[in-house]
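In: 3D model of this:
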Amino acid sequence: MRDKTQTNSAAPGDRLIRAGAIVFFVGAVATLVTVAPLFLGAKPFPTYMFGLSMLMAVGFLVAGAGVLRSIAAGRRQARGASR
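Out: Below you'll find the model as predicted:
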């Protein structure tokens with residue numbers, strides 16, 4: 001019997017994982033831009049740039065929430081299939 005899941009179907013947490021990855025990489029770029037002047041001896045960026053660096057943590061949390069949502073959906077599906 002073939003698996004009923006299509007290869008291009010999106011699981012419940014996939015959008016959160018993708019959004020979290022994008023936010024994480026934006027935060028990573030902001031961190032590199034913020035730290036670069038410290039190594040180059042240039043004038044440091046304003047304080048809000050350090051706030052943008054926190055997007056790495058926010059992206060990580062959003063992606064983690066997507067993973068947990070995907071796990072919960074898989075458990076619900078497995079519970080429904082076992083009955």
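In: so where's this structure uncertain?
Out: The model of the chain has pLDDT under 70 over residues 1-9, 83.
In: distance of Phe50 from Ala57?
Out: Shown here: Phe50 relative to Ala57, a distance of 12 Å by C-beta to C-beta, to the nearest Å. Placement of C-beta: from N, CA and C, glycine included.
In: cool, and Ala10?
Out: 25 Å.
In: Thr47 now?
Out: Counting by C-beta to C-beta, the separation of Thr47 from Ala57 is 17 Å.
In: so which of those two has more stuff around it?
Out: Between Thr47 and Ala57, Ala57 has the larger neighbour count (other C-beta atoms under 10 Å), namely 12 against 8.
In: mind listing what that one touches?
Out: If you count contacts by C-beta atoms under 8 Å, 6 or more residues apart in numbering, Ala57 has them with Gly27.
In: ok, Ser53 next?
Out: Gly27, Ala30, Thr31, Thr34.
In: how far does the helix or strand harbouring Arg79 sit from the chain's center?
Out: Assigned by DSSP states H and E, Arg79 falls within helix 55-82. How far helix 55-82 lies from its chain's middle: 12 Å, per C-alpha atoms, centre = their mean, to the nearest Å.
In: which positions within it qualify as buried?
Out: For helix 55-82, the neighbour count (16 or more other C-beta atoms under 10 Å) marks Leu55, Met56, Gly59, Val62, Ala63, Gly66, Arg69, Ser70 as buried.
In: from those residues, pick the one nearest Phe39.
Out: Using C-beta to C-beta, Met56 comes nearest to Phe39 of these, at 18.7 Å.
In: ok, for that closest one, nearest residue in space, not its chain neighbours?
Out: Spatial nearest neighbour of Met56, chain neighbours left out: Gly27 (3.4 Å); criterion: C-beta to C-beta, 6 or more residues apart in numbering.
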